[in-house]
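Colleague: I would like the atomic coordinates for the input below:
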Amino acid sequence: MNSTTCAPLVEAASACYRDSGRFGWHFARGKLAGDPLFAAILARGLLAGCPRILDLGCGQGLLAAWLLAARALHAGVVPGTWPRDWPAPPPLARYTGVEINPREAARARAAGARLALAHFRIVEADVRHADYVESDAIVMLDVLHYLDSASQERVLAKARAALAPGGRLLLRVGDAAGGIGFALSRVVDSMVALVRRRRLIRLYCHPLREWLGMLARAGFSARIVDENRGAAFSNVVLMAHAA
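Modeller: Below you'll find the model as predicted:
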């Protein structure tokens, strides 16, 4: 999953942010090209067979843009070649994003207006208080550690209740037992929070075993999808299904 493979996808997915200002477009290009999870979602079919997706803490809606660009590339609508060893992209039919930051929610809505998806909705709300629509997949990437422990438990319980039969929860968390990699990722997350919310906020992180225990208490059976923490960071991708 090198940069050459993903370049057509990055170009197609970031195109809807061109009119969102320099920050929105450059952020989309940098994040989609630099975060390996986006490519892994497609290459490993992590959202395969999930037409209804709820994206909690969606930011500017990059996941929707990415999945729709993948559909377009796979169908030959945009230039580029779909990798032979990748499964077909998810048949996205409904995307609901929840985002607390007004500026990012606005960029997500503006991008959504340019996407070929009739059922696209951005809810500007705190994930702790938003209503969750029934979904085939719920995605939470680098979200839970911004919530206190009690709120983490409640959000996971809400996610479990909103999943359709056979649905899945895809999340990325920081492993507090990850040593220097965790310390570095915590600094980066704090800086992200400062940029997005214009204030430092406390992070609530746990060792991986405690995250797995929390998922079990919420009614999930979870497995590690990716424990390759990458360059310096201590992030783990988990896939959870109803137990």
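Colleague: now the residue lying closest to residue 175 once chain neighbours are set aside: how far from residue 172?
Modeller: Once flanking residues are discounted, residue 175 sits nearest to residue 208: 4.4 Å by C-beta to C-beta, 6 or more residues apart in numbering. Heads up, the C-betas are built off the backbone N, CA and C, glycines and all. Going from residue 208 to residue 172 by C-beta to C-beta, to the nearest Å gives 12 Å.
Colleague: domain parsing for the chain?
Modeller: 1-51+60-138, 142-243 (automatic domain parsing).
Colleague: just name the most buried of the ones you listed.
Modeller: Of all these, domain 1-51+60-138 carries the top mean neighbour count, a mean of 18, counting by mean count of other C-beta atoms under 10 Å.
Colleague: and the end-to-end length of stretch 8-28?
Modeller: With C-alpha to C-alpha, to the nearest Å as the measure, stretch 8-28 spans 14 Å from end to end.
Colleague: now for the chain, the helix or strand with the poorest mean pLDDT.
Modeller: Least confident helix or strand of the chain, by mean pLDDT, DSSP states H and E, is helix 180-197 with a mean of 56.
Colleague: am I right that residue 67 is in contact with residue 88?
Modeller: No: contact status for residue 67 versus residue 88: not in contact, 11.5 Å apart, counting by C-beta atoms under 8 Å.
Colleague: hey, what's in contact with both of residue 208 and residue 172?
Modeller: Listed as contacting both residue 208 and residue 172 by C-beta atoms under 8 Å, 6 or more residues apart in numbering are residue 236.
Colleague: who's in contact with the closest residue to residue 21 other than its chain neighbours?
Modeller: Using C-beta to C-beta, 6+ apart and skipping the chain neighbours, the partner closest in space to residue 21 is residue 107 (7.9 Å). Neighbouring residues of residue 107 by C-beta under 8 Å, 6+ apart: 17, 20-21, 24, 60-61.
Colleague: of the residues you listed, which is the nearest to residue 235?
Modeller: Distance to residue 235 across those (C-beta to C-beta) is lowest for residue 60, with 20.1 Å.
Colleague: setting the sequence-adjacent residues aside, check what's closest to that closest one.
Modeller: Distances taken as C-beta to C-beta, 6+ apart place residue 107 nearest to residue 60, at 4.1 Å, with adjacent residues excluded.
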